[in-house]
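A.B. asks: Pasting a predicted model and its sequence here:
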Amino acid sequence: MDDAALLALPKAELHLHIEGTLEPELAFALAARNDVTLPYADVASLRRAQAFTDLQDFLDLYYACMAVLRTEDDFADLAAAYLTKAAAQGVRHAEIFFDPQAHTSRGIPIATVVRGLRRGIETAAQDTGVHADLIACFLRDRPVAEAHETLDALSPFFDVIVGVGLDSAEVGYPPALFADVFDRARDAGLHVVAHAGEEGPPDYIWEALDVLGIERIDHGIRCLESPALVRRLSSDRIPLTTCPLSNVRLRCVPTLSEHPLPAMLDAGLVVTVNSDDPAYFGGYVGDNFLAVRRDLGITDDALITLARDSFTASFVDDELRTRWLTELDGPRSLRP
């Protein structure tokens, strides 16, 4: 298939931080709206600052730019802007991460965040047809007690949140620290996912599985260091939401041509391709599909499998999943 057909290939995005879709142009527009001064002179200087050395370097910039997000309108505009871009790259469904603590720590109520994001999702659904759900993530480098408080504050919105996750700086913050809060989330009927094995070791993936009881691993690229873990992930069909361009920009892998995605596929793992924080990492999900074909030689059949697995790994109901899989495999299939 040609590039246009690959971009249009129906797909779901399962690893996307909405705060990471804040493009410099929108950041400056919201800064002007809210009378916020960013620590960058203009769009060009903000883009130049995106030459990250590691995950923490990225997070410092990421949190600095969040200062412009203040009102429901800001969060609505952010969500709608992302989903409009995603629709143009074949996305039919997105499971959107957001970081409540990154906003409540700035004095922004959780209600403002959730209501704004939901309004942006509803607007985009009307305009583009893209379906989306929300997953609230706990910041693992913040106190565990704060995660419990965040879950309490989220409880009025469990009807519009499908799950919880664990993100932010990974090394030194093993998943097991958050066992109790994940137990509470599962008891409340929420899906559970966690970032593990991006910069952290394979042991973190084991903990996420066996202590947190997660249903999907976000990133997980270091699983290949443990053959026993690969066998477990493969036999249990645990999806891994990889983010190739992100892994390169954060120096988790030296170059895209060295990314472990082909080895993960060869090992029989359930893998999806996602954009993570596309405003910072050089591309949205369709751009990631184009990049892995170009630099990794991923075949068209394998790309279609990646798209198929993105729907099967999602948390949508069977009716929606069947609709999108039928579109992928039916008369409009882009299979060569």
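C.D. replies: Now that the structure is in, tell me what you want to look at.
A.B. asks: pLDDT below threshold where in the chain?
C.D. replies: Along the chain, the parts satisfying pLDDT under 70 run over 331-336.
A.B. asks: Run through the strands of it in chain order.
C.D. replies: For the chain, applying DSSP state E gives strands covering 11-17, 91-98, 131-139, 161-167, 191-196, 216-219, 240-242, 271-273.
A.B. asks: Just the CA trace of the fourth one, in CSV.
C.D. replies: As requested, C-alpha coordinates have been extracted for strand 161-167 and formatted as CSV (Å, rounded to 0.1, in the frame of the first residue of the first chain):
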residue,chain,number,x,y,z
ILE,A,161,-13.3,7.1,32.8
VAL,A,162,-12.7,3.6,31.6
GLY,A,163,-9.5,2.9,33.5
VAL,A,164,-6.4,4.0,35.4
GLY,A,165,-2.7,3.8,34.5
LEU,A,166,0.7,4.5,35.9
ASP,A,167,3.2,6.9,34.1
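A.B. asks: what sits up against that strand?
C.D. replies: 17, 95, 97, 99, 114, 133-140, 151, 154, 175, 178, 181-182, 185, 190-196, 208, 212, 218, 315 (C-beta atoms under 8 Å, 6 or more residues apart in numbering). C-beta coordinates here come from the backbone N, C-alpha and C atoms, glycine included.
A.B. asks: mind listing what that strand pairs with, with the direction of each?
C.D. replies: strand 131-139 (parallel), strand 191-196 (parallel) (DSSP bridges).
A.B. asks: Next, the buried residues of the first one.
C.D. replies: Using 16 or more other C-beta atoms under 10 Å as the burial criterion, the residues of strand 131-139 that qualify are 131-139.
A.B. asks: Ok, stretch 99-109 next?
C.D. replies: 99-104, 108.
A.B. asks: re the thing from before, hey, which of the strands of the chain is tucked in deepest?
C.D. replies: strand 11-17 (a mean of 29; mean count of other C-beta atoms under 10 Å).
A.B. asks: Tell me which stretches of the stretch 1-150 of the chain form helices.
C.D. replies: 3-8, 24-34, 43-48, 55-65, 72-87, 100-104, 110-128, 144-154 (DSSP state H, counting those that start in this stretch).
A.B. asks: packing partners for the first one?
C.D. replies: In terms of contact count using 3 or more C-beta pairs under 8 Å, 6 or more residues apart in numbering; DSSP states H and E, helix 3-8 is assigned the packing partners helix 285-296.
A.B. asks: Which one of the buried residues of strand 131-139 is nearest to Asp203?
C.D. replies: Each of these was scored against Asp203 by C-beta to C-beta, and Phe138 proved nearest at 19.4 Å.
A.B. asks: ok, the closest one - contacts?
C.D. replies: 101, 147, 150-151, 164-167, 178, 181.
A.B. asks: Distance check, it against Leu256.
C.D. replies: Distance, Phe138 to Leu256, using C-beta to C-beta, to the nearest Å: 30 Å.
A.B. asks: Same question for Arg33.
C.D. replies: 36 Å.
A.B. asks: Between the two, which has more neighbouring residues?
C.D. replies: Neighbour totals were compared for Arg33 and Leu256, and Leu256 leads with 18 against 14 (other C-beta atoms under 10 Å).
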